[in-house]
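*Asks:* below: sequence and its predicted model.
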Amino acid sequence: MIEMFLWNNLRNIVKFNKKFIYHQTNHRISVLNQFCIFEVKYFCTCIKTELEQEIKSESISDHQSYETKNVTIIKWNKFRWEEEKKDDGTKWKFLEHRGPMFAPPYEKLPSNIKFFYDGKEMRLSEEAEEVAGFYARMLDHDYTTKDIFNKNFFGDWRKCMTEKEQSKIVDLSKCNFKQMQAYFLELSEKNRNRTKEEKLALKEKNEEIVKEYGFCKIDGHKEKIGNFRIEPPGLFRGRGEHPKMGKLKKRVKPEHVSINCSQDSEIPKPPAGHRWKDVRHDPTVTWLASWTENVQGQVKYVMLNASSKLKGEKDWQKYETARKLHRCIDKIRTTYKDEWKSKEMRIRQRAVALYFIDKLALRAGNEKDEDQADTVGCCSLRVEHIQLHEEKDDKEYVVVFDFLGKDSIRYYNEVPVEKRVFKNLQLFMENKKGSDDLFDRLNTSVMNKHLNELMEGLTAKVFRTYNASFTLQQQLDELTNADDNEAEKILSYNRANRAVAVLCNHQRAVPKTHEKSMEKLKEKIDAKREAIREAERGMKEAKRDAKNSVKEKQIYEKKKLQVKRLNDQLGKLQIQETDRDENKTIALGTSKLNYLDPRISVAWCKKFNVAIEKIYNKTQRDKFRWAIDMAGPEFVF
DNA sequence: TCGTGGACTTAGTATCTATCAG
DNA sequence: CTGATAGATACTAAGTCCACGA
């Protein structure tokens, strides 16, 4: 009933402003999106009371059952119509939650699991045993072959020992953790072999926890929390050549945790016998809890899930900024090309760096401390990271980039550039050592300050977003054929996605099973081919007989259909093969989740009649709900 | 203007789970 | 039904960017 009521109202709104409402598919009403609340607000207040009753009667959270229960959809949107934008920097008015969940306390090893030092059994104190266990678990990981890791671990481990232990255990290579390791392996094996009932019970227990800790109330909405579990203790796993790898990440106690919630909410209770570090009521930030991690001294936060309104709005804003850049990108490009000729070194460097950020989607490149892995971005490039070739492989003025970027992922690219850029780079490199900064007159704050003058809200990372989304749009236009079948269309989408991932250098380790799974796929394809040959033979025979009787003609038709079906299946397998091989070292997820304006994808789906579910899984649909409701088929970047 | 800390986004990988062939 | 596998999700490290204080 509510549905009908709403639907009638929606129709009015459709007439009012076509832009905001899109379609009614099957049983689902695709409702106004949350960001267009002001225009439609007055049409909807009339149903406010009914909706509120509906909401009170159920305790479904905003994000739940979004696609199955229309009522839930209504609920999600209802509040948003009522909300007002605050531009005083406050992010919420009301915030209530249960506080974070702590790691389970340490359980001592059974007494038959022994640790040996220098061949002799040795009982460890509880604390020393726990930390030894962290190491034992990692014994067959590459990390434990690294000197820095071992040195850091051993240093921190010794700090947890009793004096007696300290005086005895002085050499890591004399430690034998084998029994502990075997015990942990056995334990995880046991966990894996749990019976169905045990698994179910565990699942239910977990659901209880999520129900209790996993949600918060924020301005009238029940929203999912992203990470309500506090990080358990363990050994720090830095990426690349991290100088702190192996250091002990200590157990976080309530006494280390700050809580943020509204004054008039029910303040979360700390675990019995403990107290919070402090309780704040700061509406200018979005975190619910925070603590300082001991290895790098960084603040860690408990924040909302990406499906929340707060995060969704921010995401939307990000893409709006990128679209704004689209409108002035020509001017910006003309300007920086012009500045390659500037008299001032500072400006030339800025202009060349911006060219790289724009053309190659490089990251800004903040300075880093000594106690972090040595990685760089655009502004922090050093002379040793590029090579200049007047000519390379028939191309003129080639710059070869070779450096480690974020997460110590290698960036290697041979890029032909304009002569002027090339000459400038030669100039920047004059009289410098390899370890000197390429852009010595430049850093990210200079760059961003300049960018902000060119366009309000413009920073270096906007170029990455913009170029990624622009590339997607352009690749989709180029690759998609309207008369392809669905599998082919999706391959095109993935290829466009892939082009972006390549641009942004999103890599992954080749999956361990890649080789094997490719072989299997090949076998499948061969088998399918064989089946087709077989079926075709059968079909031909049937065709001969088909003239004889109606019944035999039917058989022929059946066989014909079967051949067609088999061929379709073969096509799908072949597409899968290409797709998977092309994906071997490229990770699509990151760009899909963080760089591609979802409205482009949604519009593409609608235009080519592909179900959203084919390109976005559940998590992704939750995150991009705002776009799924908003974008019409005509949305282009 | 420069360094630092805080807040928030972006990132790859480890682990879990749903699905599918056998 | 079962084990392999691929895809989904959890996890947390590592970036970006901005505000603030000296």
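*Replies:* Yep, it's here. Residues are numbered from 1 along each chain as shown, chains lettered A, B, ... in the order given.
*Asks:* compute the distance between residue A:374 and residue A:293, please.
*Replies:* In this structure, residue A:374 and residue A:293 are 21 Å apart, going by C-beta to C-beta, to the nearest Å. In short, each C-beta sits where N, CA and C put it, glycine included.
*Asks:* so where does whatever residue of the stretch 101-250 of chain A ends up closest to DNA strand B fall, helix or strand?
*Replies:* Nearest residue of the stretch 101-250 of chain A to DNA strand B, counting by C-beta to the nearest atom of the strand: residue A:203, 6.1 Å away. According to DSSP states H and E, residue A:203 maps onto helix A:196-213.
*Asks:* put the alpha carbons of the helix or strand that comes right after that helix into CSV.
*Replies:* Next helix or strand after helix A:196-213 toward the C-terminus (DSSP H and E): strand A:215-218. Provided in CSV are the C-alpha atoms of strand A:215-218 (Å, rounded to 0.1, in the frame of the first residue of the first chain):
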residue,chain,number,x,y,z
PHE,A,215,26.0,-0.9,13.2
CYS,A,216,25.6,2.5,14.5
LYS,A,217,22.9,5.1,14.5
ILE,A,218,23.7,8.3,12.8
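*Asks:* starting at the chain centroid, how far to the helix or strand that strand A:215-218 is followed by?
*Replies:* Per DSSP H and E, the first helix or strand lying C-terminal to strand A:215-218 is strand A:221-224. Distance of strand A:221-224 from the chain centroid (C-alpha atoms, centre = their mean, to the nearest Å) equals 21 Å.
*Asks:* for stretch A:520-529, same thing?
*Replies:* 33 Å.
*Asks:* now check the helix or strand hosting residue A:317, is it near DNA strand C?
*Replies:* Assigned by DSSP H and E, residue A:317 belongs to helix A:309-339. No: judged by C-beta under 7 Å from any atom of the strand, helix A:309-339 stays clear of DNA strand C, getting no closer than 10.0 Å.
*Asks:* pull out the buried residues from that helix.
*Replies:* A:309-313, A:315-316, A:318-319, A:321-325, A:329, A:332, A:336, A:339 (16 or more other C-beta atoms under 10 Å).
*Asks:* do the same with stretch A:217-235
*Replies:* A:217-219, A:221-228, A:230, A:233-235.
*Asks:* among the residues you listed, show me the least confident.
*Replies:* Checking pLDDT across the buried residues of stretch A:217-235, the minimum falls on residue A:221 at 79.
*Asks:* DNA strand C contacts on the stretch 501-637 of chain A?
*Replies:* For the stretch 501-637 of chain A, the residues in contact with DNA strand C (C-beta under 7 Å from any atom of the strand) are A:511, A:513, A:516, A:517, A:520, A:589, A:617, A:618, A:619, A:620.
*Asks:* from the buried residues of stretch A:217-235, which two are the most distant?
*Replies:* Farthest-apart pair in the buried residues of stretch A:217-235 is A:219 and A:235; separation 39.8 Å (C-beta to C-beta).
*Asks:* how far away is the residue lying farthest from the centre of chain A from residue A:537?
*Replies:* What lies farthest from the middle of chain A is residue A:548; by C-alpha atoms, centre = their mean that is 62.2 Å. Distance, residue A:548 to residue A:537, by C-beta to C-beta: 19 Å.
*Asks:* likewise residue A:188?
*Replies:* 51 Å.
*Asks:* so where is the stretch 351-500 of chain A shaky, pLDDT-wise?
*Replies:* The stretch 351-500 of chain A contains no residues with pLDDT under 70.
*Asks:* can you tell me the closest non-neighbouring residue to the residue of it found nearest DNA strand B?
*Replies:* Residue nearest to DNA strand B within the stretch 351-500 of chain A: residue A:407 (4.1 Å; C-beta to the nearest atom of the strand). Leaving aside its chain neighbours, residue A:407 sits nearest to residue A:239 (4.9 Å; criterion: C-beta to C-beta, 6 or more residues apart in numbering).
*Asks:* read off the pLDDT value for the one you found.
*Replies:* pLDDT at residue A:239 comes out at 95.
*Asks:* and for the one 3 residues further on?
*Replies:* Reading off the per-residue confidence, residue A:242 sits at a pLDDT of 96.
*Asks:* so what does it have for phi and psi?
*Replies:* phi -90, psi 120 (degrees, to the nearest 10).
*Asks:* right, and it touches residue A:374 too?
*Replies:* No: Residue A:242 lies out of contact with residue A:374 (C-beta atoms under 8 Å); the separation is 9.5 Å.
*Asks:* between these two, which one's more packed in?
*Replies:* residue A:242 (23 against 15; other C-beta atoms under 10 Å).
*Asks:* ok, the closest residue to DNA strand B within the stretch 51-200 of chain A - contacts?
*Replies:* Here the stretch 51-200 of chain A gets closest to DNA strand B at one residue, residue A:91, 6.0 Å apart by C-beta to the nearest atom of the strand. Shown in contact with residue A:91 (C-beta atoms under 8 Å, 6 or more residues apart in numbering): A:283, A:284, A:285, A:286, A:310.
*Asks:* most neighbours out of the residues you listed, which is it?
*Replies:* Counting by other C-beta under 10 Å, top hit in the contacts of residue A:91: residue A:283 with 20 neighbours.
*Asks:* could you pull out the helices for the stretch 301-450 of chain A?
*Replies:* Applying DSSP state H, counting those that start in this stretch to the stretch 301-450 of chain A gives helices spanning A:309-339, A:345-360, A:419-429, A:444-454.
*Asks:* just send those back as a markdown table, with distance to residue A:506 too.
*Replies:* Shown next, in a markdown table, are these (distance: least, C-beta to C-beta, whole Å):
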| stretch | distance to residue A:506 |
| --- | --- |
| helix A:309-339 | 17 |
| helix A:345-360 | 14 |
| helix A:419-429 | 25 |
| helix A:444-454 | 21 |
